[in-house]
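[1] Provided below are the primary sequence and the corresponding predicted coordinates.
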Amino acid sequence: MVLADNGGDNLSVTASGAFTFPTALAGGAAYAVTVASSPSGQTCAVSGGSGTIAAASVTSVAISCSSAALASGASDDFDRADGSLGSNWADIGDGGLAIFGDAAAGTAAAGVTGDVWTANTFSGDQFSQFTLTATQPSGGQWIGAAVRAQSGGQSAYVGIYFWNSGSPELMLFKRSGGSWTQLGSAVNSGPLAAGTQLEVTAAGSAISVLENGSAKITVSDTSITGGSPGIISFGTGQVDNWSGGNAAGGTGGTPSTFTVGGTVSGLSGTVVLQDNGG
């Protein structure tokens, strides 16, 4: 866990017990302790974290951490009456998908709609996968799997099947505050058959688009964390048999992990290194 005081003076805490920030404050100075980052799988909260230094050191700030209730996965086959996707889903701010003939489809012929799974809480490493139907998008329409979706779907990583007026492509986008930025290069997919599985994964900084389990686009980006998996569409494209949840090295199981290291030369004294800011 990393704590901050007044927005800085970061302190890494690795065990329960007392803590003291390295920078002392003068009498009468304000202090405001916040959690800059929580340990993986836990949520940490501050009580008594702000005030003004009196005539003694402050020892009353309390940090409580608890394990986050993380779901491993979720799924939906959409095999029910036409209408909204239901209580497990939340429409994004642009508008929601709807069920048509046991498939989930976009509801704006020339606009963005989507839904995010909100019945569970997920880790930051996520996957979202669906199966394409026999109904293809048209014109400039696309259908996409989303991970780390948040703020009403205004921020997310979205891997799309873009019809591109008959020259279909797979593409990866970052939506941030409603603005879209392409990540990596488009891949010419050709028309994808019904039953093709399209998946997007976010595992640490690695964001990938997979077709039938084979990675087609992989980039590194760390600007969006948290959120939930879902589906976002531009147009009326359809998908079936969605699944999503905690990432599994791109396929829904335990993520693959790899060490990061190297060598140091010419050192006299102590050097402190960080990876991803910690």
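    Sure thing, it's come through. Everything numeric here is computed off the predicted structure, so don't read it as measured data.

[2] for residue 157, helix, strand, or coil?
    strand (DSSP: H, G, I helix; E, B strand; the rest coil).

[3] any idea how far it is from residue 148?
    From residue 157 across to residue 148, the span is 6 Å (Cβ to Cβ, to the nearest Å). For every residue, glycine as well, the C-beta is placed using N, CA and C.

[4] so which of the two has more stuff around it?
    Remark: of residue 157 and residue 148, residue 157 carries more neighbours, 30 against 26, as counted by other Cβ atoms under 10 Å.

[5] now do the contacts for the more buried one.
    By Cβ atoms under 8 Å, 6 or more residues apart in numbering, the residues touching residue 157 are 146-148, 172-175, 183, 200, 202, 207, 221, 224.

[6] which of those residues are buried, as a PyMOL select command?
    One line in PyMOL is enough to select the buried members of these, burial here meaning 16 or more other Cβ atoms under 10 Å:
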select buried, resi 146+147+148+172+173+174+175+183+200+202+207+224
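
[7] among the contacts of residue 157, which two are most distant?
    Distance extremes for the contacts of residue 157: the farthest pair is 146 and 221 at 14.1 Å, using Cβ to Cβ.

[8] contacting residues around the closest residue to residue 81 other than its chain neighbours?
    Nearest non-adjacent residue to residue 81, counting by Cβ to Cβ, 6 or more residues apart in numbering: residue 99, 7.3 Å away. Shown in contact with residue 99 (Cβ under 8 Å, 6+ apart): 78, 80-85, 105.

[9] closest one of these to residue 241?
    The shortest gap between residue 241 and any of the contacts of residue 99 belongs to residue 78, at 7.7 Å (Cβ to Cβ).

[10] do I have it right that the closest one meets residue 243?
    No. Proximity of residue 78 to residue 243 does not meet the contact threshold set by Cβ atoms under 8 Å, at 11.8 Å.

[11] all the strands of the stretch 151-278 of the chain, residue numbers only.
    Taking DSSP state E, counting those that start in this stretch as the test, the strands found in the stretch 151-278 of the chain are 155-162, 169-176, 179-188, 197-203, 206-211, 214-220, 228-235, 238-246.

[12] by contact count, what packs against the second one?
    In this structure, strand 169-176 makes packing contacts with strand 155-162, strand 179-188, strand 206-211, strand 214-220, judged by 3 or more Cβ pairs under 8 Å, 6 or more residues apart in numbering; DSSP states H and E.

[13] can you tell me which of those strands is most buried?
    Ranked by mean neighbour count under mean count of other Cβ atoms under 10 Å, the helices and strands packed on strand 169-176 are led by strand 155-162, which reaches a mean of 27.

[14] what angle sits between that one and strand 169-176?
    Taking axes from the mean of the first three to the mean of the last three Cα atoms, to 10 degrees, strand 155-162 and strand 169-176 form an angle of 160 degrees between their directions.

[15] just the C-alpha atoms of strand 155-162, please, in PDB.
    Listed next in PDB are the C-alpha coordinates belonging to strand 155-162 (Å, rounded to 0.1, in the frame of the first residue of the first chain):
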ATOM      1  CA  SER A 155     -13.600   5.300 -20.400                       C
ATOM      2  CA  ALA A 156     -12.600   1.800 -21.500                       C
ATOM      3  CA  TYR A 157     -10.400  -0.400 -23.700                       C
ATOM      4  CA  VAL A 158     -12.500  -1.600 -26.600                       C
ATOM      5  CA  GLY A 159     -11.500  -4.200 -29.200                       C
ATOM      6  CA  ILE A 160     -13.800  -3.900 -32.200                       C
ATOM      7  CA  TYR A 161     -14.900  -5.900 -35.300                       C
ATOM      8  CA  PHE A 162     -15.200  -3.000 -37.800                       C
END
